[in-house]
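K.L.:
any chance you could fold what I've pasted below:
(one chain, ligands or ions: 1)
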Amino acid sequence: MQDLIGKAALVTGGSRGMGAAIARTLATRGADVAITYLNGMDKARAVVAEIRAYGRKALAIRADSADSAAIVAAVNEAAAGLSRLDILVNNAGIFPHGPLEEVTPEEIDRTLAIHARAVFLASQAALKHMGAGGRIVSIGSSLAWRVPSAGMTLYAMSKAALIGFTKGLARDVGVRGITVNVVDPGPIDTDMNPADGEAADVEKALTALGTYGRPEDVATLVAHLASEAGRNITGASLAIDGGVTA
Ligand code: NDP
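P.N.:
Predicted structure coming up:
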């Protein structure tokens, strides 16, 4: 399906995992794609090479989402490099977890900077480039809705922020024909949460389906929201969690 031809997208944290899958999927559906990365330069370059092989424009931008100036500059660089910007996918993320007593103010600041402040600033900057049909999709988490065990308060708090953000921004920009949504995955097989990792059996047991999801599952949902077919979905939180929150 080539329903994103003529569109340009920026995916934050596109060097690995879900971000890389989202970048590839948007490109196979016709979009030109920029990605940001932090440490994974080689992987980011490989994603760019793959997208170019599909005949699409692609670029990789090193930008720490915890750095306000860097994330805004990355949005503007993406829009300049691709000559437009129609789709922003706020995907970059980390997984702080552990005993409550050990969480430091610095860890709280960095987590909220990456998961909430960067999403706000990237969206604000992207909206300066977007016209009617623009799309903003953020990657949240099922942990914003259901926290099944201890040690994840900070992560859950940071991802829950995206629900209010999404509802507020959908109201701000709906009149411009731009949609804003958050996708809330459950366990997805990536470096962050490998399907053969220590916690995998416990996580599988939390789902209704008894399995992990794949990055491509999330990518397909994001591509739907980003396409013309997603035009009537806005302000929504969409679970893609194998039934974790059922
Ligand atoms: P991975 O750890 O596999 O990949 C994370 C990606 O984010 C990498 O491309 C990494 O770049 C990038 N990144 C991390 N920190 C920064 C930063 N400060 N600035 C810029 N880029 C950064 O994670 P997933 O693919 O699993 O996760 C993607 C999103 O999905 C995250 O927001 C995560 O919280 C969320 N999520 C994941 C779930 C799961 O089970 N996997 C479940 C629910 C939500 P680099 O390698 O270049 O440093």
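K.L.:
and the pLDDT for the most centrally placed residue in the chain?
P.N.:
Centroid-nearest residue in the chain, with CA atoms, centre = their mean: Asn91, separated by 2.1 Å. Residue-level confidence at Asn91 comes out at 99, pLDDT.
K.L.:
residue contacts, it?
P.N.:
11-14, 18-19, 22, 138-139 (CB atoms under 8 Å, 6 or more residues apart in numbering). In this view, the C-beta of every residue, glycine as well, is placed from N, C-alpha and C.
K.L.:
show the subsequent helix or strand relative to the helix ranked longest in the chain.
P.N.:
Counting residues, the longest helix in the chain under DSSP state H turns out to be helix 153-173. As assigned by DSSP states H and E, the chain's next helix or strand after helix 153-173 is strand 179-185.
K.L.:
now do that next one against helix 153-173, angle only.
P.N.:
On the basis of axes from the mean of the first three to the mean of the last three CA atoms, to 10 degrees, strand 179-185 is oriented at 160 degrees to helix 153-173.
K.L.:
and the contacts of strand 179-185?
P.N.:
Under CB under 8 Å, 6+ apart, the answer for strand 179-185 is 18, 123, 134-142, 144-145, 159, 162-163, 165-166, 169-170, 173, 213, 218, 221-222, 225, 230-231, 233-241, 245.
K.L.:
what does the protein put close to the ligand?
P.N.:
In this structure, the chain approaches the ligand at residues 13, 15-19, 36-40, 64-66, 91-94, 114, 139, 141, 185, 187-188, 190-193, judged by CB under 6 Å from any ligand atom.
K.L.:
which ones are touching the closest residue in space to Leu112 that isn't next to it in sequence?
P.N.:
The shortest distance from Leu112 to any residue other than its chain neighbours is 5.6 Å, reached at Ser158 (CB to CB, 6 or more residues apart in numbering). Shown in contact with Ser158 (CB under 8 Å, 6+ apart): 111-112, 114-116.
K.L.:
likewise for Gly6?
P.N.:
Neighbours of Gly6 in contact, by CB under 8 Å, 6+ apart: Gly30.
K.L.:
before we move on, what about the one 3 residues further on?
P.N.:
Listed by CB under 8 Å, 6+ apart, the contact set of Ala9 reads 23, 26, 31-34, 85-89, 226.
K.L.:
can I get those in JSON lines including secondary structure and neighbour count?
P.N.:
Formatted as JSON lines, these follow (DSSP: H, G, I helix; E, B strand; the rest coil; neighbours: other CB atoms under 10 Å):
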{"residue": "Ala23", "secondary structure": "helix", "neighbour count": "31"}
{"residue": "Leu26", "secondary structure": "helix", "neighbour count": "28"}
{"residue": "Ala31", "secondary structure": "coil", "neighbour count": "29"}
{"residue": "Asp32", "secondary structure": "strand", "neighbour count": "28"}
{"residue": "Val33", "secondary structure": "strand", "neighbour count": "31"}
{"residue": "Ala34", "secondary structure": "strand", "neighbour count": "27"}
{"residue": "Leu85", "secondary structure": "coil", "neighbour count": "26"}
{"residue": "Asp86", "secondary structure": "coil", "neighbour count": "24"}
{"residue": "Ile87", "secondary structure": "strand", "neighbour count": "27"}
{"residue": "Leu88", "secondary structure": "strand", "neighbour count": "29"}
{"residue": "Val89", "secondary structure": "strand", "neighbour count": "30"}
{"residue": "Ala226", "secondary structure": "helix", "neighbour count": "29"}
